[in-house]
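Peer 1: When you get a sec, could you give me coordinates for this:
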Amino acid sequence: MRKNLDGHLSAREIPSISIIIPTYNSEKYLPFCLQSIKVQNYPKDKLEIIIVDGGSTDRTIEIAKKFKVTKILHNPLRTGEAGKALGIKEAKNDIVAFIDSDNILDGNDWLKRMVEPFKDKEIVGAEPLYYTYRGKDGYITRYCALIGMNDPLCLFLGNYDRYNTLTGKWTELNVTHEDKGNYFKIKLDKDTIPTLGANGFLIRRDILNKCSVGDYLFDIDVIYELVNQGYNKFAKVKIGIIHIFSDNVCMFIRKQRRRIKDYVTYKRLKLRKYPWDSFNKFRIFKFIIYTLFVIPLLAQATEGFIKKRDKAWFFHIPASWITLIVYATELLFNEFRNICTLYSHKLSITT
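Peer 2: A predicted model of the protein is given here:
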């Protein structure tokens, strides 16, 4: 590709982008998300914004129309995964960008920096290296930005995909990477796939279409399927994205409950591909022990506080307890439901 004298691609050579934003009652943060897209220093004729709404009853649609988004689609299945699946069927551009309604692009050159790795024909997708830390955000959002994830269990699994101030790493999986200056070029294999694919993930549309996406698009499952097809080169761009995780503890609990319920439900329906069950059981046991005894969690939070002085680190303790209780309760309920189903099936056969 030819470049201008300042080293940037000419407008004709910049790839077109389809931005897909699933929404459901998203009026609180959607204006900030869309405004951050509107101010991008990116050719407007190279962008389309597709809102996929799950039946919002607030001002979400009104806000989307105010910002003159390209398309507004109705999502009868309501979930974000279903919204993404619908969105890619309507996307027309070279690159698909998955942006959640509670994401804010960090800087007006965000899109230009994110598409830079695609000059390398081997690069399939690109994702920000950081969750942007802002002192003015709520304590849960600050905690998640500092730790680089929204689920403390992932810290113990070592499987996360954003920079963690506590560990000084963006993942603990053994991922091969090459420093390209503005980004890391990473090579994945089926046994070392971090949780890529959400909150500012960009991917070539023609490659994405090689995946068997049905009514739902699960981010990590897409990556897993592509890697197994040989499309295993990705980029971690050295910029951040703002992600407003939760306003309060109740919202954090709801999100954790929804996460585990979705996992259990879709696994039972055999819609999931990524082998979550393959993770070292010792790491899960470690999470349980650390949480039950509290002091190890306090030590982790204190270490984080020393590295970045913010009291939000100490949400690590309730976050871990909430996650343990919610996950254990849902998994036990699921086992009970399976036993009841099996018993009913046997009873029907005998009668």
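
Peer 1: from here on, contacts and neighbour counts on C-alpha atoms
Peer 2: Fine.

Peer 1: Which strand or helix spans V96?
Peer 2: V96 is located in strand 95-98, with elements delineated by DSSP states H and E.

Peer 1: ugh, typo on my part, it should be F156
Peer 2: Using DSSP H and E, the element containing F156 is helix 152-157.

Peer 1: Need the mean per-residue confidence for that helix.
Peer 2: On average, the pLDDT along helix 152-157 is 96.

Peer 1: and it, what other elements does it pack with?
Peer 2: For helix 152-157, the helices and strands in contact under the criterion 3 or more Cα pairs under 8 Å, 6 or more residues apart in numbering; DSSP states H and E are helix 281-293, helix 316-350.

Peer 1: is it true that N108 touches Q40?
Peer 2: Yes: taking contact to mean Cα atoms under 8 Å, the distance of 4.3 Å between N108 and Q40 places them in contact.

Peer 1: which stretches of this protein form helices?
Peer 2: Under the criterion DSSP state H, helices of the chain are mapped to 30-38, 60-66, 80-90, 110-115, 139-147, 152-157, 205-208, 219-228, 249-268, 281-293, 295-307, 316-350.

Peer 1: Distance check, I244 against F314.
Peer 2: With distances defined as Cα to Cα, to the nearest Å, the gap from I244 to F314 amounts to 18 Å.

Peer 1: follow-up on the earlier one: check the helices of the chain for me and report the most buried one.
Peer 2: A comparison of those by mean neighbour count, using mean count of other Cα atoms under 10 Å, puts helix 139-147 on top with a mean of 25.

Peer 1: hang on, the earlier thing: worst average pLDDT in the helices and strands packed on helix 152-157?
Peer 2: Lowest mean pLDDT within these: helix 316-350, a mean of 79.

Peer 1: re the thing from before, with distance to E172 as extra columns, can I get the helices of the chain in CSV?
Peer 2: Rendered in CSV, the data for these read as follows (distance: least, Cα to Cα, whole Å):
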stretch, distance to E172
helix 30-38, 30
helix 60-66, 38
helix 80-90, 26
helix 110-115, 23
helix 139-147, 13
helix 152-157, 8
helix 205-208, 26
helix 219-228, 16
helix 249-268, 22
helix 281-293, 12
helix 295-307, 16
helix 316-350, 19
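
Peer 1: and G181, which of those is closest to it?
Peer 2: Each of these has some distance to G181 by Cα to Cα; the shortest is helix 110-115, at 11.6 Å.

Peer 1: helices and strands around that closest one, which ones?
Peer 2: Under the contact criterion of 3+ Cα pairs under 8 Å, 6+ apart, helix 110-115 touches strand 125-131, strand 233-243.

Peer 1: which residues are in contact with it?
Peer 2: P15, Q40, N41, Y42, A126, E127, P128, L202, V237, I239 (Cα atoms under 8 Å, 6 or more residues apart in numbering).

Peer 1: re earlier: so for L73, which of the helices of the chain sits nearest?
Peer 2: Proximity of those to L73 was assessed by Cα to Cα; the nearest stretch is helix 80-90, lying at 7.8 Å.

Peer 1: Against which helices or strands is that closest one packed?
Peer 2: Contact here means 3+ Cα pairs under 8 Å, 6+ apart; on that basis helix 80-90 packs against strand 17-23, strand 47-53.

Peer 1: nearest to W321, of those strands?
Peer 2: Closest approach to W321 among these is made by strand 17-23 (29.0 Å; Cα to Cα).

Peer 1: Between helix 30-38 and the closest one, find me the angle.
Peer 2: Using axes from the mean of the first three to the mean of the last three Cα atoms, to 10 degrees, the interaxial angle of strand 17-23 with respect to helix 30-38 works out to 180 degrees.

Peer 1: quick one: strands adjacent to strand 17-23?
Peer 2: Sheet pairing of strand 17-23 (DSSP bridges) gives strand 47-53 (parallel), strand 95-98 (parallel).

Peer 1: Now find how far off-centre the longest one is within its chain.
Peer 2: The chain centroid and the centroid of strand 47-53 are separated by 18 Å, computed with Cα atoms, centre = their mean, to the nearest Å.

Peer 1: Contacts made by it with the rest, please.
Peer 2: Residues from elsewhere that reach strand 47-53, judged by Cα under 8 Å, 6+ apart: 16-24, 61, 64, 69-75, 78, 83-84, 86-87, 91, 93.

Peer 1: redo that, cut-off 7 Å
Peer 2: Around strand 47-53, the neighbours that count as contacts under Cα atoms under 7 Å, 6 or more residues apart in numbering are 16-24, 69-75, 83, 87.

Peer 1: and if you look at stretch 307-314?
Peer 2: By Cα under 7 Å, 6+ apart, the surrounding residues in contact with stretch 307-314 are Y139, I140, R142, Y143, A301, G304, F305.

Peer 1: repeat for stretch 170-185
Peer 2: By Cα under 7 Å, 6+ apart, the list of residues contacting stretch 170-185 from outside reads 158-164, 186-188, 192, 194, 233-238.

Peer 1: sorry, back to before: now do the strand holding V96: distance to the chain's middle.
Peer 2: Between the mean C-alpha location of strand 95-98 and the chain-wide mean there is a distance of 13 Å, by Cα atoms, centre = their mean.

Peer 1: Over to stretch 195-207?
Peer 2: The chain centre lies 9 Å from the centre of stretch 195-207; the measure is Cα atoms, centre = their mean.
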